[in-house]
Every structure is written in C-alpha cells, then in structure tokens.
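# the following block contains a protein sequence and its predicted model.
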Amino acid sequence: MVATPLLRVPQSGVRCMSSRFYRTRISPLRSTIDIKSFKPCLTSAQYFSTSLSRWQDEVLDRTRNIGIIAHIDAGKTTTTERMLFYSGFTRRIGDVDEGSTVTDFLPAERARGITIQSAAITFHWPPGGGSEAAQSKPRDESLPRSAVSHTINLIDTPGHADFTFEVMRSLRILDGAVYGVAGVEAQTEKVWHQASTYRIPRVIYVNKLDRDGAAFGRTVREVSSRLSVYPAVCHIPWFEAGTGPFVGIADAINLQGLRWREGEDGRTIKMMNLQQLDAEEPALAQELRKARAALVELLSEQDETIVEKFFECDEDHMAVSSMDIIESLRRCVLDPTSRIVPLFAGASFRNMGVQPLLDAVVNLLPSPPEAPDPEVSIGGVKGGLRRLLSGDLIVEQSEKAATPVKGKKKKSAALQTNPKDAIGKLQSCALAFKVVNDPKRGVLVYVRVYSGSLDRNSLLFNTNLHLSERAPRLLKMHANDAVEVDSIPAGHIGVVVGLKHARTGDTLVTYAGNKPTPPEPLTSLQLRPIDVPPPVFFTSVEPHSLSEEKKMQESLALLLREDPSLHVSVDEESGQTLLSGMGELHLEIARDRLINDLKAKASMGSIEIGYRESGLGASSSITKIFDKEIAGRRGKAGCTAIVEPFGEEEISEAADEDTLLAETIEGNQIIIQAPGLQMERAGRGEEETSPFLPPGMDAVTLRTALQNGALAALARGPQFTFPMHNTRVTLTINPTEHLFGSDTTTSALSAAARQATSAALRELPTGPGTVMMEPVMNVIISVDEASLGSVVHDISSSRGGHIVSLDEEVPLTATDASPTDPVVGQEDLPPIDPKRVYAPLDPFESSLGAEVSVSTSRPRNITAKVPLKEMVGYLKHLRSLTAGRGTFVMSVDRFENMSSQRQKAVITELRGGF
Ligand SMILES: Nc1nc2c(ncn2[C@@H]2O[C@H](COP(=O)(O)OP(=O)(O)OP(=O)(O)O)[C@@H](O)[C@H]2O)c(=O)[nH]1
C-alpha cells in the first residue's frame, strides 16, 4: 500500500477531511529503481523494448531531480534531513547543530555546520514507491501526482558565497528547485538570480516561522519586490490564537488546517477542514478564505483554464477544486514566461511543514522531460540539447562555420565532416556534476544523463579532457549507500565508479562505431558550460618530507578533480607548489580535505591574495632554439615569441589560414602562427597534418605543446613573480627554421615556447615596464536604513571602494551568470508593487503597519567595487557597524592596475615589512 501524502484530498477540495490525527506511514524498506532487477521479468525482445520504453517513460514522469537552494543558514540541511526522515529513508532526524546529518557527510562540513559538497540522494515520496508495480501504473488524472510514489533525486547545494561556482555547478543539473528563505537578504537575491540564469522552475519555502518575531507577511512582500515575482501564497502560518506560538499551517489549496504537536517528530498531523477551523480558530479560517480568494485571483491573471473553472463554479473562489488549483499552479511553474511562484510555509527545525512541501515538489515541479531544454555548446554555437538532437542546431552550426569568425581559425575542423551524420552517431551524453572521493568505494563520479542511456562498460569520451575511459561500474546512490545497476537512462542521476580522469563539470559522451574519438564536432559538445572564475587567493603547500611528495601530489590531483575551481601550480624558481582558490574559506576547506580527509602529510602556508602582473608595452621579437637531451632522447625545436598588453574586451582581427590558435585563457591571449606549414587532412575524420611535422605529430599536438609552453611562462611575471594578466603572447613557428624532423618532440616544442615567452617577458621590466594588478570585487551589502550612512562612508573612504548604486537589482557577474545564457528580458520586466500582493498580516502588525514595514524595515542594498585586499575580514567589521545585522556577498569583478604607491605598500607588507 502506498502511504498517504498530505495534499491528497477529494476533488471538491472543500469539506474534505474530518478532524483527526493523521499519521504518515513510514515504509520499512528502502526501495530503489533497480533496472537490473527489472530486466529478468521481460520475456521476448519485442516485449522488452516496448515495455521497457513505456516503463522508462512512466518512471521518468515520476522522477524529480531537484535541489534546495537558499542563502547560508536558511535551513537547507535541516529541511533535507526532515525530508529523508518522512520518506522513510532515515530512522532518526539528523541535527545540523549536533553534526549528525546525512547530507553533510564530510568531516569538515560536520565540524563547521555548513554544507560544502553537494551530495545527491535518491528517496521516494510518498514513501513505499520504487517497486515495479508502483512505477508502471499509468497516472490517474483525477488525483494529484502525490497520490503515487515518486523518485526524488535531491541535490544538496551549498549556500556560502565562496562556493558560487559550486552552486552554479549543482544548479545546472536541476530540473526544479525548492527555494528556501528565512527573510530576504543580498545572498537570497543572488542565489535566486543564479537559478534564474538556468530558468529553473521553483517553489518558495518560507522557513523558521517558529522564531520570535517571524514575519511571514513581510517576507512575502519582500519576495515580490526584491525577487520580482508574484508569490502565490499556498500556505499561511498558523499562530495559536493569532498571536501565540507557531503550531502549523493553513493550506489555501485544500482549504484545511494542518497542526503539528509541539516537541514531536512531526509525523502526526492533525488536519481540520474549514468548518472545524471556523469553530476552533475563526480568525485563521477567515484569513484562509482571503488567501484562497487571492490565490484564485492571481492564477486567473495568468491562466485561462482556471478562469473557466472559476466561472463554472459561479465565481465562488472557495468552490474551485484543489486539483484545478494544483494543475494551474503547475502550468505557471512550468511556463518560463510566468512570474508566479508558489509559496509554502514551515519551521523545519520544529518538524512542521515539510511533508506538504514534499507534496508540492511532486505536484508542481517538472519531471525531466518537462524541464527546460538544457543548453549545450558545440563547434562554437550554443542552443538547446533537444534542438541539437533534432538536427536543427547543427544546421545553424554549419552555416556559422562557413563564415569566417573573428579571432578564430577560419578552416574549422567541423567543416570537414557532415555534422548531421555525427549527431546521428551520438548514443548518449551525460554531465559529471560531482566527483567525490569515497573512503570505501574510491572515486565516485556523479552523473546526470541527458540523452540515451549510459551503460556499464561503455567507452565514455570526455569532451573537456579529450580522452576516453570505460565506465566499469554504475551505481544508484543514497547518500552513503549504493545499489549496482546496468545502465543509467536519460533523465536520471547515478554514479560511475572506476573513472580515472573525469572531473566535476566534464561532459561525457558515448557514440556509435569503434573509433578512438567521436566524429567532429561531437568532440566539442559541452552541456551547460560554465566559466571557472579566476582564483584570487593562494597558499603554498609543502610536504613534510621528500617521501611524502608523491602522496601529496596525488591528493592534490584528486582535490582538483573534485573541485576544478581550485588551481595548482608550481613556481619554477622556488619549486614551491601553490594552491589557489576563490576565497579564504574555499582554501581552508581545501586544506581540511587535503590534510584531514585525504591524509596528506603536508603543511600549508598563510592564505594570500593572488595579485597579477602585466606589461605596459610590447617586447621585441625573440627567437629561442631548444636543443637538449630530455629523458635520454634528443629534442630540438625553435620558436619566436612577442608579448604585448591585451584587453579581454578586445576583438581580434580575423585570423588567417596560418593561425593555428587564438585563445584567451585566464585573462591572457595565446596566438600561434605557423606560416607555410601547409596543413592538410589525411582523410575524412582524420586530424590535420603537414609534411614539415615529424612523423606521428599532427596540428593538435603541435598546438597543445606550444600552448603549454607559453602558459608555463605566463605563470610567473618577470618583476613581481605573480602570474601574468592582460598579456598577449604571439608564438610563430617557421617550419624551415624551427622544426627538425624526428628530433622535434612535443617536450622540445614546449620548452622552446616557454623559453622564448620567458625571455620576451624578461625584457619588459627594463623596457616598457610592468605593473602589479589586484582583484577588485563586486560587493553587495545589505544593511538597515540606520547603518546605511556609516557603511557607505567606510567603504568609500577607508577601503578605497567605489559605490556603484544604492538599492538596485543585484547584478549578475560573469561568474554568477551562465555566459551563454543570459536571463533574457528579465531586466525589462516591470517592478512588482508589493501592495498588490496578497500577504497575511503578521502577529502584532496593524493593517497600516503592513505598508509601513516594507519601506522602513526593508534592508538597503549597497553595490560597490572594492579591492579584495580591503575586504579581507570585512564581515566582522560590517557586523560591528550594523549591530550584527549587515550581510554581504561578493564576486570577482576584474583585475585592476595598482597605483605605484599602493603597489609599494603591498610589496612591503608581503616582504614582512611595516
Ligand atoms: N528556529 C529555527 N531554526 C532553524 C530552522 N531550520 C534550521 N534552523 C537552524 O538554522 C541553522 C542553519 O541550518 P542549516 O540547516 O545548517 O542551514 P543550511 O542552509 O543548510 O546552511 P549551509 O549548509 O551552511 O548553507 C541551524 O542552527 C538550524 O538548527 C527552523 O525552522 N527554525
């Protein structure tokens, strides 16, 4: 029997539940979708394929890939723990404050009480699902979806500003999200906008309503004005006798009250219909009628169908059925142009409100096929995956490839093959969204499959790393528990065990045929690509002894697979290993992972700001011929280099046929030219080669070797030793002077490129000069009116910051927004007047107070650009300026040249002077 979820009510919606205590049944078994166990039931091949695909459709329809997103401390982990408990997944409720939660399973997270790694967990709601019978029954359209068990893949996302990249990475695989708020702050807005970039359908959950002075009405109004959406208030809080403690919620969809018993685990809920509420809590019943009317009115503004239903009910708001309201809410959630967002209420910590929220997840958020078309980029064009699979996108790509692109190689490889043929060969594509080192099972690569089916033992081509590896084992994960499966079908989340290279964020494809690489342009297919922001802090890492070096390097390599927003480099002169990251906390966590979890015997230096260096003019043209033995083999190659200043916004001139590469990496541009190399293609689908190249070397290998050499040289500036920035390196290979047959190895080419670039850089200090650059942050500070003046003064006078605006929408930076998918048209939307939005009065709030409270208690947003150096330790200072209430978020804006005075002061400080 399927346990009864809460929002399953008779279709009339009214007069439904009698006053009684209601107990959610907890399934004694943890059941999962195990494709392996399903297959033996099938008898013939015919039956197998048709029923398997029908079964898969049903299963997909009953799958939700969701995340809970919110700002730090809003209660994501607490809410997740309740979800796992009510679904029967856990036997007791974990406590964030005791460090016993399921999702925060890294020791570092438990110790700090914050979520760092996003873990994916699969559970069922309502409980008892996952069996074949439950999954294959067709849907009864007269009942809410929550009448039958659904599979929920829950991705826990981090909320700390240091983990923006991690948030974006988790967001891009979600089909829907619960957006948790406990008051609206700068961070809340930022995460909301991040979710908007991927057009993720959302429901809002207002948590912590048990806190003294919790202001639900005010939060609803703030949601409307600051997130620029119309909250469809589905729940209102139930405060005992109007002003007493928070005891439950009143549900405007089903017109009923849900009351939890104080101090219990929340499984027992007393449900009351409107008549019973009239008798016991008349004021709440009255407010619930208002909420229902407002809900129907709001939906009518967007949805024609509900207007018809409303007329069919003789314009009686109370008579519209709960099913009609749920379906209308669902249409709004799935419509990317709708600004209506359903809003629910609760206090997860007190075990109140979580089961109805789970019903909302199942009833309102999309299944994988209903989710927005995931964005892909392929061969230089961007579009939806479904468009790509239908062939439309590739036609556009071919047309684009036929016209010369500025700054790019004209003769693109994609032109050489028929792209439509290539797309036909694509068997499956998946995104590796998280790499986790499990002490028992080894390295686990979490994948979300987008098309086809990822099968055990298939060869996965990694389009980021350009290499193939087999997937020996596949798992379905349950936090720390796993079930082995034979395949992971499209729309699902699973784990590949045994991959040696795949990193967080890599795209993996399988393809027909037995070539070592897929046909062009499949090699460039990227799912929802995101930019890795530049690291702005760094620290040195040193092994305790020489014998520990290898283990340390292996652990660092693993850390980098888990989190590609960390960077490792080796300072060639000092031999020191440097680890850089996006924030102080980011590096502290990396240190914890490295030393405590991965047990590397190493120490880390202090965390410093990652400055950069840039040339003020061009070098002369410098040629180096490398001629030495490397590992017992002679290597000889030459190269000419010029370095000059480069602005990222600069558009390069259209490159000619001699240009092998023109790429911008980490703020520098590398151009490789090889005039007279006479590139030719050996055959269809083969790599380009040249009669001047040594046997076995093709254009790609040549390009990569030279590029690596230039990158190594750029890692160390000639005067201040910080990495170079805003620098263009032009490398030229003259086939007759720089290539020497089989003596020209890739290592020799890299070495020649590095030496030529370094020599060109060394010319700069005595010639045009170089300058230090520092990271400047985009900072958004939320403070109350009273502290506004002192915070603005502090930022602009003491911290050398520049105030950009007051109370503007939180802008999206390059890091927050997907560079390929701006929130189209969002900036053009008219602001929402909170007075037009329904929100119940908060306890002790007069009807006049409701209006006043939005304007006076509304936090003010200060947007400023401030050097990162001045923001170190800022939170403590802000707290003291604002009586503990101020919060801020920041992200890198850009690197800026420093004045000579500032440069001198920083260098003195770095050298330990005063
Ligand atoms: N009063 C009250 N406190 C709550 C509630 N929900 C969570 N908390 C507390 O709020 C704090 C933060 O909760 P978490 O669940 O760790 O929040 P989070 O959003 O997961 O935080 P990060 O993982 O760090 O982003 C903890 O001390 C919780 O006990 C609630 O409903 N009421």
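Now that the structure is in, tell me what you want to look at. Just so we're clear, the structure is a prediction, and the values are computed from it rather than from any experiment.
# list the contacts for the nearest residue to residue 668 once chain neighbours are set aside?
In space, and not counting its chain neighbours, residue 668 is closest to residue 727: 4.7 Å by Cβ to Cβ, 6 or more residues apart in numbering. Any C-beta I mention is one placed from the backbone N, CA and C, and that applies to glycine too. Taking Cβ atoms under 8 Å, 6 or more residues apart in numbering, we find residue 727 in contact with 614, 615, 643, 644, 645, 646, 668, 669, 714.
# tell me how far residue 727 lies from the ligand.
Distance from residue 727 to the ligand, counting by Cβ to the nearest ligand atom, to the nearest Å: 38 Å.
# please apply the same query to residue 868.
Residue 868 is 23 Å from the ligand, by Cβ to the nearest ligand atom.
# give me the three-state assignment for the closest residue to residue 834 other than its chain neighbours.
Closest residue to residue 834 apart from its sequence neighbours, by Cβ to Cβ, 6+ apart: residue 221 at 4.0 Å. What DSSP: H, G, I helix; E, B strand; the rest coil gives for residue 221 is helix.
# and residue 221, how many neighbours?
Residues near residue 221, counting by other Cβ atoms under 10 Å, number 25.
# returning to that earlier point: what are the bridge partners for the residue nearest to residue 668, then?
Counting by DSSP bridges, residue 727 forms beta bridges with residue 645.
# next one: residue 581
With DSSP bridges as the rule, residue 581 is bridged to residue 537.
# what's the distance between it and residue 601?
According to Cβ to Cβ, to the nearest Å, residue 581 stands 21 Å off from residue 601.
# who's more crowded, those two?
Neighbour comparison, residue 581 and residue 601: the larger count goes to residue 581, with 27 against 14 (by other Cβ under 10 Å).
# just the pLDDT at the more buried one, thanks.
With respect to pLDDT, residue 581 scores 87.
# how near is it to residue 166?
Look at residue 581 and residue 166: by Cβ to Cβ, they are 11 Å apart.
# now do residue 74
Separation of residue 74 from residue 166 (Cβ to Cβ) stands at 16 Å.
# neighbour-wise, which of those two wins?
Shown here are residue 74 and residue 166; by other Cβ under 10 Å, residue 74 has more neighbours (26 against 23).
# next, the more buried one: secondary structure please.
Per three-state DSSP, the secondary structure class of residue 74 is coil.
# show me the contacts for it.
Here residue 74 is in contact with 159, 180, 181, 182, 188, 207, 208 (Cβ under 8 Å, 6+ apart).
# ok, and the closest non-adjacent residue to the residue nearest the centre of the chain?
Geometric centre of the chain, nearest residue: residue 168, 1.9 Å, by Cα atoms, centre = their mean. Of all residues beyond its chain neighbours, the one nearest residue 168 is residue 530 (5.4 Å), with distances taken as Cβ to Cβ, 6+ apart.
# my read: the one you found touches residue 172, true?
Yes: counting by Cβ atoms under 8 Å, residue 530 does reach residue 172; the two are 6.8 Å apart.
# and the contacts of residue 727 as JSON lines, adding distance to residue 657?
Shown next, in JSON lines, are these (distance: Cβ to Cβ, whole Å):
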{"residue": "614", "distance to residue 657": "31"}
{"residue": "615", "distance to residue 657": "29"}
{"residue": "643", "distance to residue 657": "24"}
{"residue": "644", "distance to residue 657": "23"}
{"residue": "645", "distance to residue 657": "26"}
{"residue": "646", "distance to residue 657": "22"}
{"residue": "668", "distance to residue 657": "24"}
{"residue": "669", "distance to residue 657": "19"}
{"residue": "714", "distance to residue 657": "26"}
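# now these in JSON lines, with distance to the ligand, neighbour count and pLDDT?
Formatted as JSON lines, those follow (distance: Cβ to the nearest ligand atom, whole Å; neighbours: other Cβ atoms under 10 Å; pLDDT from 0 to 100):
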{"residue": "614", "distance to the ligand": "37", "neighbour count": "22", "pLDDT": "95"}
{"residue": "615", "distance to the ligand": "42", "neighbour count": "28", "pLDDT": "95"}
{"residue": "643", "distance to the ligand": "43", "neighbour count": "30", "pLDDT": "96"}
{"residue": "644", "distance to the ligand": "45", "neighbour count": "17", "pLDDT": "95"}
{"residue": "645", "distance to the ligand": "41", "neighbour count": "16", "pLDDT": "94"}
{"residue": "646", "distance to the ligand": "38", "neighbour count": "22", "pLDDT": "91"}
{"residue": "668", "distance to the ligand": "35", "neighbour count": "22", "pLDDT": "92"}
{"residue": "669", "distance to the ligand": "38", "neighbour count": "21", "pLDDT": "92"}
{"residue": "714", "distance to the ligand": "36", "neighbour count": "24", "pLDDT": "93"}
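# ok, now how distant is the residue nearest to residue 668 from residue 753?
14 Å.
# so who does the residue in the stretch 351-500 of the chain that the ligand sits nearest to touch?
Closest to the ligand within the stretch 351-500 of the chain is residue 352: 7.8 Å, counting by Cβ to the nearest ligand atom. By Cβ under 8 Å, 6+ apart, the contact set of residue 352 is 209, 210, 246, 247, 248, 249, 260, 266, 346.
# was I right to think the residue nearest to residue 834 contacts residue 833?
No: counting by Cβ under 8 Å, residue 221 does not reach residue 833; the two are 9.9 Å apart.
# ok, now how distant is residue 511 from residue 610?
Using Cβ to Cβ, we find residue 511 at a distance of 39 Å from residue 610.
# same check, this time on residue 90
According to Cβ to Cβ, residue 90 and residue 610 sit 42 Å apart.
# check residue 502 too.
The separation that residue 502 has from residue 610, given Cβ to Cβ, amounts to 27 Å.
# quickly find the element holding residue 509.
Here residue 509, judged by DSSP states H and E, is contained in strand 507-511.
# how many other residues sit next to residue 147?
18.
# is whichever residue of the stretch 651-800 of the chain sits closest to the ligand in a helix, a strand, or coil?
The minimum distance from the stretch 651-800 of the chain to the ligand, using Cβ to the nearest ligand atom, falls at residue 782 (16.9 Å). Classification of residue 782 using three-state DSSP returns strand.
# can you pull the pLDDT of it?
83.
# wait, it touches residue 878, no?
No: judged on Cβ under 8 Å, residue 782 makes no contact with residue 878 at a distance of 9.7 Å.
# domain assignment for the chain?
According to automatic domain parsing, the chain is divided into the following domains: 6-58, 537-609, 617-768, 772-910.
# circling back to that earlier point, following element in sequence after the strand holding residue 509, please.
strand 526-527.
# off-centre distance for that following strand?
14 Å (Cα atoms, centre = their mean, to the nearest Å).
# just stretch 719-727 next, same as before
Computed by Cα atoms, centre = their mean, the separation of stretch 719-727 from the middle of its chain amounts to 30 Å.
# identify each buried residue in that stretch, please.
719, 720, 722, 723, 724, 725, 726, 727 (16 or more other Cβ atoms under 10 Å).
# got CSV for those, with pLDDT and secondary structure too?
Shown next, in CSV, are the buried residues of stretch 719-727 (pLDDT from 0 to 100; DSSP: H, G, I helix; E, B strand; the rest coil):
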residue, pLDDT, secondary structure
719, 93, coil
720, 91, coil
722, 90, coil
723, 92, coil
724, 95, strand
725, 94, coil
726, 94, coil
727, 95, strand
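# which one of those residues is nearest residue 495?
Nearest to residue 495, judged by Cβ to Cβ, of the buried residues of stretch 719-727 is residue 723 at 35.5 Å.
# with adjacent residues omitted, what lies nearest to the closest one?
Here the residue nearest residue 723, using Cβ to Cβ, 6+ apart, is residue 715, at 5.2 Å.
# residue contacts, the one you found?
By Cβ under 8 Å, 6+ apart, the contact set of residue 715 is 569, 571, 572, 723, 724.
# for the second one, give its distance to residue 836.
Here the criterion is Cβ to Cβ. By it, residue 571 lies 60 Å from residue 836.
# and residue 715, what are its phi and psi?
With angles defined as degrees, to the nearest 10, residue 715 sits at phi -70, psi -10.
# over to residue 194?
The phi/psi pair for residue 194 (degrees, to the nearest 10) is phi -60, psi -40.
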